[in-house]
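1. make a model of this:
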Amino acid sequence: MVLSHEDDESAHPYWYARIIGIFHVDVRHTGPDSRSMDTQSMEFLWVRWFGYDIHHCAGWATRRLHRVGFIPSDDVGAFGFLDPKDVIRGVHLIPAFAHGRTDELLPLSIARQPKDHDRDWVYYYVMM
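-> Okay, the predicted model is just below:
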């Protein structure tokens, strides 16, 4: 869970992602704007983004949990990289069993866990 960077007041305040990998690398910037030739340690997360279901009424007033689903893999924003410092906290996501599973969001991929059998839940509820 990270803070949303949307300016719209009606936007959900958080973005959600599943961490696919945690990476620790040593990098050296050698471009024209480089300030040092020293190697620096860098950490980042490879994530698969969830999209917020704007058609589902949720929140304290409606007494319903917020609902998210994976962004289709052909969307440019389906995957990304995050600085671990941007992560606010982990959240517990519950599959929305009534909506079933799908294999249409992502073809065969290492981005899925083997236990998912190459299918995703259509929606997940965000526990509060």
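
2. just give the nearest non-adjacent residue to the most centrally placed residue in the chain, would you?
-> Nearest to the mean C-alpha position of the chain, by C-alpha atoms, centre = their mean, lies Ala17 at 1.6 Å. Excluding the flanking residues, the one nearest Ala17 by C-beta to C-beta, 6 or more residues apart in numbering is Val47, at 3.7 Å. No exception for glycine: its C-beta is placed from N, CA and C like everyone else's.

3. any idea how far the one you found is from Val87?
-> 9 Å (C-beta to C-beta, to the nearest Å).

4. more crowded one of those two?
-> Between Val47 and Val87, counting by other C-beta atoms under 10 Å, Val47 is the more crowded of the two (21 against 15).

5. wouldn't the more buried one be in contact with Phe81 here?
-> Yes. Applying C-beta atoms under 8 Å, one finds Val47 in contact with Phe81, separated by 7.2 Å.

6. Val68 and Ser34, how far apart?
-> Taking C-beta to C-beta, one finds Val68 at 39 Å from Ser34.

7. now Ala11. Nearest residue, chain neighbours left out?
-> Closest to Ala11 by C-beta to C-beta, 6+ apart is Ser4, at 5.9 Å.

8. so what's the residue count around that neighbour?
-> 14.

9. swap in the one 4 residues further on?
-> Asp8: 7 surrounding residues under other C-beta under 10 Å.

10. one step back: just checking, the residue nearest to the centre of the chain touches Arg48?
-> Yes. Judged on C-beta under 8 Å, Ala17 makes contact with Arg48 at a distance of 6.3 Å.

11. hey, where'd the strands end up in the protein?
-> Remark: strands assigned in the chain by DSSP state E are 2-3, 14-15, 17-27, 40-52, 66-70, 79-82, 93-95, 101-102, 120-121, 124-126.

12. what strands line up against the second one, and which way round?
-> In the sheet, strand 14-15 lines up against strand 2-3 (antiparallel) (DSSP bridges).
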